[in-house]
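Asker: Can you look at this prediction? I've put the sequence above it.
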Amino acid sequence: MLRRLTLRDFVIVTSLEVDLSGGFTALTGETGAGKSILIDALQLALGSRGDAGVVREGAARADITAEFEPSAQLTALLTPWLEEAGFDNLELGAPLLLRRVVDAQGKSRAWINGSPATATQLRELGEYLVDIHGQHAWQSLTRADAVRALVDAQAGVDSEALQAAWVARREAARRLDEARSQQADLERERERLQWQIGELDKLNPLADEWDTLNAEHSRLSHGQAILDAARLALDAISEADESADSLTTRAIDALEDVASVEPNLGNALEVLREAQAQLQDAARSLNSALHHTELDPDRLAELDNRMSMWMSLARRYRRPAPELPELLQSWREELAQLDAATDLDKLEREAQAAHQAWQKVAHTVSRQRSAAAPALSQAVTEAMQELGMKGGRFEVALSAQTEPQAYGLENIEFLVAGHAGSTPRPLGKVASGGELSRLALAIAVTTSQRSDERSQVGTLIFDEIDSGVGGAVADTVGRLMQRLGRDRQVLAVTHLAQVAACAHQHLVVAKAVHDGQTTSDIREVRDEVRATEIARMLGGQITDTSRAHAQAMLATAYAHDTQDAETAPATGKAPRKRKEAA
């Protein structure tokens, strides 16, 4: 339930903190006093669009905080959402704080339990917490999408699964249609790729082959120069008469004769011996090169021919030669994709499978809607009898759709018969403005009394949804909301004294001028003050007679509330204690 709403510099509110209790709370006040300010502020805290217009004139920012007290069941329901969204889990009994700040430039920031959040996250979370029925709720009853959403909510339809199946079906059909319409173009592109791949396949370029070819070609093309250089070096080292090896041998022999006499020559002798060993190693390497280096003009010609093919294809396709293997692989992958795109049989099978999957989900939805429609029709019809439409009948009509649609296999329409014996017709064509308001109220009350898990929203708000009704019907509206308040928190902005008298908590909005600025304030009224407010709402002068009438209304409402609480079936919740007027 909504425990506290705090406003700072919001529209014409300077500073306001409203504590709300469970049960049914009525919000009343003079016309133009700003009764809907609380609702507007709460909607902003729940992620509705905010702009600079919500900031009080002269203030830097508007700051709204809504504190909720989730039930144990709602806490368990919120845990997966909070985890997925990256917020800390709620401890049982801990408050849930939603905060929204809008500055004078229209920039908005949001928090959930002190952690930064987005407006979208506030909206998603708000769907678990509050259900708001506006004063123009009847208008949505003539819109197909709103009617469908209301029935689907009653039926427990998994709209996300239906939408996902529809998207998959649409995408599969799109791929098939594109393949059919582009078949000629795709086939030409496929033939082009096949020809290009065939050209490169003749070469069959391997990864890193170009570098290997270059190295081998360079070695073969310089074969004679290599042989000449190796022979010359070998002669100089070991095979000429005055070779480096023979001269080094002569030097070693000379030093060995005197090294025993002059120890300092020993180091020079050791260096010469090492040099001779290195010369002999070099000679062996040169001999090996001379024996293994061959002049192979046939192989050189073969290399010339293959490298020429590489360079020719590289020029043709405007790519560096080393990139030809990568180019061939990319074309093969592209051809595989084109083969898949031109495989009409496969695409047709995929489209058919996606259509069947959607049909399966859609038929499940149809069964859910067909099961929910009679129950909803009966419940709203019963509520109509209480709201001054005796003999009237409400019907949820399901009609088969000729073509598959994203929303399923049937159209949904609300039909109404205003009196006994008449045939139900489309709601917007037969109902008057007052009847539409009462129908909207009947539907809102009926749908708000669901007990399944999807309906565990703890706070219901009715924003002047009782406009257009009065007299005995107004008494019924008040009792309906009073009854709802036994199981949930109900907040109603109302101008009807009969409705306000049934409330467990009564808040009055008043407008005043302070220092040249108009401000709005909200306070809770009880006892005599509340009776005076009820008397004002009855109209005319506030007299002892009107006060006595108001007292009588409060006493009657209290008696009904007590009687209903005693006769109502057990809900697992204690009945809300009412603050009785003196």
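Answerer: Now that the structure is in, tell me what you want to look at. Fair warning: this is a prediction, and the values are worked out from it, not measured in the lab.
Asker: Please make it C-alpha for all contacts and neighbour counts, starting now.
Answerer: Fine.
Asker: And the lengthiest helix in the chain, what does it pack against?
Answerer: Counting residues, the longest helix found in the chain (DSSP state H) is helix 344-386. Here helix 344-386 touches helix 144-155, helix 159-181, strand 393-405, strand 408-417, helix 433-448, going by 3 or more CA pairs under 8 Å, 6 or more residues apart in numbering; DSSP states H and E.
Asker: Between strand 408-417 and that helix, find me the angle.
Answerer: 20 degrees (axes from the mean of the first three to the mean of the last three CA atoms, to 10 degrees).
Asker: Give me the angle between helix 344-386 and helix 433-448.
Answerer: 110 degrees.
Asker: Run the chain-centre distance for helix 344-386.
Answerer: 24 Å (CA atoms, centre = their mean, to the nearest Å).
Asker: Now do it against helix 144-155, angle only.
Answerer: Angle between the axes of helix 344-386 and helix 144-155 is 80 degrees (criterion: the same axes, to 10 degrees).
Asker: that older thread, got the helices and strands packed on helix 344-386 as TSV, with mean pLDDT and mean neighbour count columns?
Answerer: As requested, the helices and strands packed on helix 344-386 are exported to TSV (pLDDT from 0 to 100; neighbours: other CA atoms under 10 Å):
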stretch	mean pLDDT	mean neighbour count
helix 144-155	86	18
helix 159-181	88	17
strand 393-405	89	16
strand 408-417	91	21
helix 433-448	75	22
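Asker: Identify whichever of these lies nearest to P374.
Answerer: strand 393-405 (7.1 Å; CA to CA).
Asker: What strands flank that closest one, and is each parallel or antiparallel?
Answerer: When pairing is defined by DSSP bridges, strand 393-405 lines up against strand 408-417 (antiparallel).
Asker: What is the subsequent helix or strand relative to the strand it pairs with?
Answerer: strand 425-426 (DSSP states H and E).
Asker: Can you name every helix or strand that that next one contacts?
Answerer: strand 408-417.
Asker: what does the strand it packs on contact?
Answerer: Outside strand 408-417, the residues within contact range by CA atoms under 8 Å, 6 or more residues apart in numbering are 141-142, 144, 147-148, 162, 362-363, 365-366, 392-401, 403, 423-427, 430-431.
Asker: Now do the contacts for A372.
Answerer: Contacts of A372 by CA under 8 Å, 6+ apart are 151, 154-155.
Asker: ok, it to V13 distance?
Answerer: Using CA to CA, to the nearest Å, A372 is found at 44 Å from V13.
Asker: quick one: which helix or strand includes L77?
Answerer: L77 belongs to helix 72-85 when assigned by DSSP H and E.
Asker: State the mean pLDDT of that helix.
Answerer: Computed over helix 72-85, the mean pLDDT rounds to 84.
Asker: In three-state terms, how would the residue lying farthest from the centre of the chain be classified?
Answerer: Centroid-distance maximum for the chain: V261 at 97.4 Å, with CA atoms, centre = their mean. Following DSSP: H, G, I helix; E, B strand; the rest coil, the label given to V261 is coil.
Asker: pLDDT at it, what is it?
Answerer: 73.
Asker: and it, what is it in contact with?
Answerer: Applying CA under 8 Å, 6+ apart, no residues contact V261.
Asker: Against I252, how distant is it?
Answerer: 15 Å.
Asker: ditto for T446
Answerer: 118 Å.
Asker: What of Q43?
Answerer: 105 Å.
Asker: Then T476?
Answerer: Relative to I252, and taking CA to CA, T476 is found at 130 Å.
Asker: what's the answer for E57, then?
Answerer: Counting by CA to CA, the gap from E57 to I252 is 108 Å.
Asker: follow-up on the earlier one: so which elements touch the helix or strand following the helix holding L77?
Answerer: For helix 72-85, the succeeding helix or strand toward the C-terminus, using DSSP H and E, is strand 96-103. The contact analysis (3+ CA pairs under 8 Å, 6+ apart) places strand 96-103 against helix 37-45, strand 61-68, strand 108-112.
Asker: and the last one, which strands flank it?
Answerer: Here strand 108-112 is paired, per DSSP bridges, with strand 96-103 (antiparallel), strand 115-117 (antiparallel).
Asker: and the last one, how far from the chain's centre?
Answerer: Read that as strand 115-117. With CA atoms, centre = their mean, you get 16 Å for strand 115-117.
Asker: about what we covered before: please work out the average pLDDT along the longest helix of the chain.
Answerer: Rounded mean pLDDT across helix 344-386 is 91.
Asker: what's the answer for stretch 7-25, then?
Answerer: Here the average pLDDT along stretch 7-25 is 90.
Asker: Stretch 278-285 too?
Answerer: For stretch 278-285, the mean pLDDT works out to 87.
Asker: Distance to R61 for the helices and strands packed on helix 344-386 - can I get that in a markdown table?
Answerer: Below are the helices and strands packed on helix 344-386 laid out as a markdown table (distance: least, CA to CA, whole Å):
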| stretch | distance to R61 |
| --- | --- |
| helix 144-155 | 35 |
| helix 159-181 | 37 |
| strand 393-405 | 45 |
| strand 408-417 | 44 |
| helix 433-448 | 35 |
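Asker: right, and the ones you listed - which one's nearest R109?
Answerer: Here helix 159-181 is closest among those (CA to CA), at 28.5 Å.
Asker: and the angle from the closest one to strand 393-405?
Answerer: Using the same axes, to 10 degrees: helix 159-181 against strand 393-405 is 30 degrees.
Asker: Now the element after helix 159-181, going C-ward?
Answerer: Using DSSP H and E, the next helix or strand after helix 159-181 towards the C-terminus is helix 183-203.
Asker: what angle sits between that next one and helix 344-386?
Answerer: Using the same axes, to 10 degrees: helix 183-203 against helix 344-386 is 140 degrees.
Asker: same for helix 183-203, what does it pack against?
Answerer: By 3+ CA pairs under 8 Å, 6+ apart, helix 183-203 packs against helix 297-316, helix 324-341.
Asker: what's the average pLDDT for the helix or strand just after it?
Answerer: Past helix 183-203, further along toward the C-terminus, the next helix or strand under DSSP H and E is helix 209-221. For helix 209-221, mean pLDDT is 79.
Asker: now stretch 504-524
Answerer: pLDDT averaged over stretch 504-524 gives 83.
Asker: Any idea how far apart the tips of it sit?
Answerer: Span of stretch 504-524 from end to end, CA to CA: 11 Å.
Asker: Would you mark the buried spots in that stretch?
Answerer: 504-511, 519-522, 524 (16 or more other CA atoms under 10 Å).
Asker: a markdown table for those, including distance to G458 and secondary structure?
Answerer: Listed next are the buried residues of stretch 504-524 as a markdown table, based on distance: CA to CA, whole Å; DSSP: H, G, I helix; E, B strand; the rest coil:
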| residue | distance to G458 | secondary structure |
| --- | --- | --- |
| H504 | 16 | coil |
| Q505 | 17 | strand |
| H506 | 19 | strand |
| L507 | 20 | strand |
| V508 | 23 | strand |
| V509 | 24 | strand |
| A510 | 27 | strand |
| K511 | 30 | strand |
| T519 | 30 | strand |
| S520 | 27 | strand |
| D521 | 26 | strand |
| I522 | 23 | strand |
| E524 | 21 | strand |
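Asker: Sounds good, over and out.
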